[in-house]
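> coordinates only, sequence not included:
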């Protein structure tokens with residue numbers, strides 16, 4: 001049975017944020033709010049927790065996981081990025097975008113695709129940013145889209161009914177949008193739109 005936290009959307013309570021981080025550090029799987037609906041998250045080094053997320057989502061073997069960051073200060077630790085790609089990212093975060101980049105050796109191989117890429121994202125959501133800041137490292141994450149669906153889960157009460165026995169914590173941030181992030185591949189000279197979502201395409205076309 002998962003815990004269920006009501007966290008203030010603009011001024012997240014430090015006590016609850018710290019409790020959520022403790023769950024993550026102990027290998028837990030959480031459901032938390034972002035600027036593009038709810039997401040599943042766990043610690044980068046938690047293999048068993050990642051496998052639980054794969055099972056919940058029924059993800060394919062080569063799924064591109066995302067590292068959700070509080071800003072771009074740690075970008076070079078996890079991804080290789082040239083000046084042009086960095087400027088493009090800097091001008092468009094925080095926002096509902098996921099950027100696909102070549103992964104560095106610091107990214108566990110199990111998180112990389114066969115192309116050795118990783119997703120990087122900076123969400124515009126106070127709770128998500130507070131979680132990552134308290135954790136002290138990016139959150140391994142993917143959108144909460146249930147098998148066979150193309151939209152993210154948006155109703156925390158419905159999420160609780162479906163998944164409360166499969167995750168350790170659900171953070172309630174009210175009813176959110178259903179469109180996942182817009183995914184932009186920056187591994188080549190020109191940006192390539194992989195998935196059109198809630199982020200505007202204008203900066204990349």
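Looks like it came in fine. Since the structure is predicted, the reported quantities are computational estimates derived from the model, not experimental observations.
> any idea how far residue 57 lies from residue 144?
Between residue 57 and residue 144 the distance, using C-beta to C-beta, to the nearest Å, works out to 8 Å. For the C-beta atoms, the positions are set from N, CA and C on the backbone; glycine is no exception.
> which neighbours do these two have in common?
Taking C-beta atoms under 8 Å, 6 or more residues apart in numbering as the contact criterion, the common neighbours of residue 57 and residue 144 are residue 40.
> and these two? Which one has more around it.
Taking neighbours as other C-beta atoms under 10 Å, residue 57 and residue 144 compare with residue 144 leading, 29 against 16.
> distance of that one relative to residue 31?
For residue 144, the distance to residue 31 equals 6 Å [C-beta to C-beta].
> could you pull out the residues contacting both of the two?
Overlap between the neighbourhoods of residue 144 and residue 31 consists of 38, 39, 40, 159, taking contacts as C-beta under 8 Å, 6+ apart.
> most neighbours among those, which one?
Neighbours were tallied for each of the shared contacts of residue 144 and residue 31 (criterion: other C-beta under 10 Å), and the maximum of 28 neighbours falls on residue 39.
> doesn't residue 162 lie inside a helix?
Yes. Residue state for residue 162 (DSSP: H, G, I helix; E, B strand; the rest coil) corresponds to a helix.
> list the contacts of it.
When the contact criterion is C-beta under 8 Å, 6+ apart, the partners of residue 162 are 146, 153.
> where does it land on pLDDT?
In the prediction, the pLDDT value recorded for residue 162 is 95.
> centre-most residue in this structure?
The residue lying closest to the centre of the chain (C-alpha atoms, centre = their mean) is residue 141, at 3.6 Å.
> and the helices in this protein, which stretches?
For the chain, helices defined by DSSP state H occupy the ranges 14-25, 47-57, 75-78, 83-90, 126-135, 156-163.
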